[in-house]
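J.: Structure here, sequence nowhere to be found:
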Ligand SMILES: O=C(O)Cc1cc(O)ccc1O
Ligand SMILES: [Fe+2]
């Protein structure tokens, strides 16, 4: 929304009133007998009531009409969205998708709801905050829906008190309401147990005049990430680039980590600088928002890759050969690019649409490693330093 103001901080207890209604936030209590301005009080719980304070999330919303005033939900077409994770056989191969096609403006309009299900990591069912999506011009996006935990900033350990994604760069919108009814009504879509349902109501759901709490939407500009990188030798694990983590109950093991590969300096000495070859007990789903990913040609903006649990992967042959002989001097890595990874301790099932119907699977992906040569020399001798 143009001109919308934001408050800065991550996970804060915020309080906000639409400036058109001063005093709309009840003072000293959440649930007065009658709310200021004749508003309705509604609590939105993002955690069990009894979660410890450190993980308890809830907000109190003061609405023109409460969310409950809607016509009954009825099932709607789910399109290619699925909740059946057994519809295709598991595939442990390296998978890569070409950029997903943006429909021509002459074709049927695609709205957010008909967007395909890409990755869904789920441990329990939980519904969340209502939102609308508006885009300007041709747009692609990636969505990660995490159930059972909320994203947190990762601990910084020896890095210290500052760095990586800094809390102040997260922005939460201030209260803003619209008091609108439209003849055609508003459609609210609810994803419930993996299926879509819709209901009609005659008033705007964006009718919160005042609110307080710590369960809020937020936005974060990835360019604000304070990048840490190796300044001596060897390639650091990509956990140094974690923006947010949704923790599981096992310490250090994430339901999902959101990791980025931002522009940075590469200065490591006597090191093969790009990502190493590896097999990981976590699943790695990657996307490229813009630019070029250092370890792979053929990974295009708007495309994606999935390297499943223990699936071997790493730099393509050109990247390996070039970087094995490169003269190492300080250089900018990933300038003008933004790749990311959703890393999860869960196995990821790919939908029928993703494997088949979308026709974007790059069937020749495996070939990028085929020309890797055997450089083994049994007579190799350490060179004198
Ligand atoms: O596979 C990938 O490209 C992501 C990745 C990057 C890196 O620098 C180290 C490990 C890793 O999984
Ligand atoms: Fe990887």
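T.: Looks like it arrived, so ask away. Keep in mind that this is a model prediction, so the values were computed, not measured. Ligands and ions are numbered 1, 2, ... in the order given.
J.: show me where the stretch 1-150 of the chain has strands.
T.: 6-8, 14-17, 40-45, 58-63, 74-75, 95-97, 119-121, 144-146 (DSSP state E, counting those that start in this stretch).
J.: what's the spacing between the closest residue to ligand 1 within the stretch 1-150 of the chain and residue 56?
T.: Closest to ligand 1 within the stretch 1-150 of the chain is residue 94: 9.9 Å, counting by CB to the nearest ligand atom. For the C-beta atoms, the positions are set from N, CA and C on the backbone; glycine is no exception. Distance of residue 94 to residue 56, given as CB to CB, to the nearest Å: 41 Å.
J.: between the two, who's got more neighbours?
T.: The neighbour count for residue 94 versus residue 56, taken as other CB atoms under 10 Å, is higher for residue 94 (18 against 15).
J.: which residues touch residue 181?
T.: Residue 181 makes contact with 202, 203, 204, according to CB atoms under 8 Å, 6 or more residues apart in numbering.
J.: any idea how far stretch 239-254 is from the chain center?
T.: In terms of CA atoms, centre = their mean, to the nearest Å, the centre of stretch 239-254 is found 13 Å from the chain centre.
J.: Between the two ends of it, what distance do you get?
T.: Distance across stretch 239-254, first residue to last, is 11 Å (CA to CA, to the nearest Å).
J.: and it, average pLDDT?
T.: Mean pLDDT, stretch 239-254: 97.
J.: what about that stretch and ligand 1, touching?
T.: No: Stretch 239-254 is not in contact with ligand 1 by CB under 6 Å from any ligand atom; minimum separation 8.0 Å.
J.: In a helix, residue 366, correct?
T.: Yes: under DSSP: H, G, I helix; E, B strand; the rest coil, residue 366 falls within a helix.
J.: In the stretch 201-350 of the chain, which residue sits closest to ligand 1?
T.: residue 275 (3.4 Å).
J.: Just give the nearest non-adjacent residue to the most centrally placed residue in the chain, would you?
T.: By CA atoms, centre = their mean, the chain has its centre lying nearest to residue 144, at 4.5 Å. The spatially closest residue to residue 144, leaving aside those adjacent along the chain, is residue 342, at 5.0 Å (CB to CB, 6 or more residues apart in numbering).
J.: what's around the one you found, how many residues?
T.: Neighbours of residue 342 (other CB under 10 Å): 24.
J.: what are the bridge partners for it, then?
T.: The partner list for residue 342 in beta bridges (DSSP bridges) reads residue 258, residue 285.
J.: From residue 256, how far out is it?
T.: 6 Å.
J.: just residue 314 next, same as before
T.: For residue 314, the distance to residue 256 - CB to CB - is 22 Å.
J.: likewise residue 333?
T.: Taking CB to CB, one finds residue 333 at 25 Å from residue 256.
J.: ok, these two, which is more surrounded?
T.: residue 256 (27 against 17).
J.: Secondary structure class of the more buried one, three-state.
T.: From three-state DSSP, the assignment for residue 256 is strand.
J.: and it, what does it touch?
T.: By CB under 8 Å, 6+ apart, the neighbours of residue 256 are 121, 144, 146, 245, 246, 342, 343, 344, 346.
J.: same thing with residue 7?
T.: 14, 16, 171, 172, 173, 174.
J.: what do you get if the cut-off is 7 Å, keeping everything else the same?
T.: 14, 16, 172, 174 (CB atoms under 7 Å, 6 or more residues apart in numbering).
J.: Make JSON lines from those residues and add distance to ligand 1, pLDDT and neighbour count to it.
T.: Below are these laid out as JSON lines (distance: CB to the nearest ligand atom, whole Å; pLDDT from 0 to 100; neighbours: other CB atoms under 10 Å):
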{"residue": "14", "distance to ligand 1": "35", "pLDDT": "98", "neighbour count": "20"}
{"residue": "16", "distance to ligand 1": "38", "pLDDT": "98", "neighbour count": "21"}
{"residue": "172", "distance to ligand 1": "30", "pLDDT": "97", "neighbour count": "18"}
{"residue": "174", "distance to ligand 1": "37", "pLDDT": "97", "neighbour count": "17"}
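J.: With distance to residue 48 added, can I get these in TSV?
T.: Listed next are the contacts of residue 7 as TSV, based on distance: CB to CB, whole Å:
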residue	distance to residue 48
14	21
16	25
172	22
174	28
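J.: Relative to residue 223, which of those residues is nearest.
T.: Lowest distance from residue 223 to the contacts of residue 7 (CB to CB) belongs to residue 172, with 18.7 Å.
J.: Across the sheet, point out what pairs with the residue nearest to the centre of the chain.
T.: residue 119.
J.: residue ranges for the helices of the stretch 51-200 of the chain, please.
T.: Along the stretch 51-200 of the chain, no segments are classed as helices by DSSP state H, counting those that start in this stretch.
J.: show me where pLDDT drops low in it?
T.: In the predicted model, the stretch 51-200 of the chain carries pLDDT under 70 at residues 105-109, 115-126.
J.: Ok, which of the strands of the stretch 1-150 of the chain comes nearest residue 281?
T.: Minimum separation from residue 281 across the strands of the stretch 1-150 of the chain (CB to CB) falls at strand 119-121, 15.3 Å.
J.: what residues does this structure put near ligand 1?
T.: Residues of the chain lying near ligand 1 (CB under 6 Å from any ligand atom): 238, 275, 278, 284, 295, 307, 313, 341.
J.: Would you write a PyMOL line that selects the buried entries of those?
T.: In PyMOL, this line selects whichever of the residues of the chain next to ligand 1 come out buried by 16 or more other CB atoms under 10 Å:
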select buried, resi 238+275+284+295+307+313+341
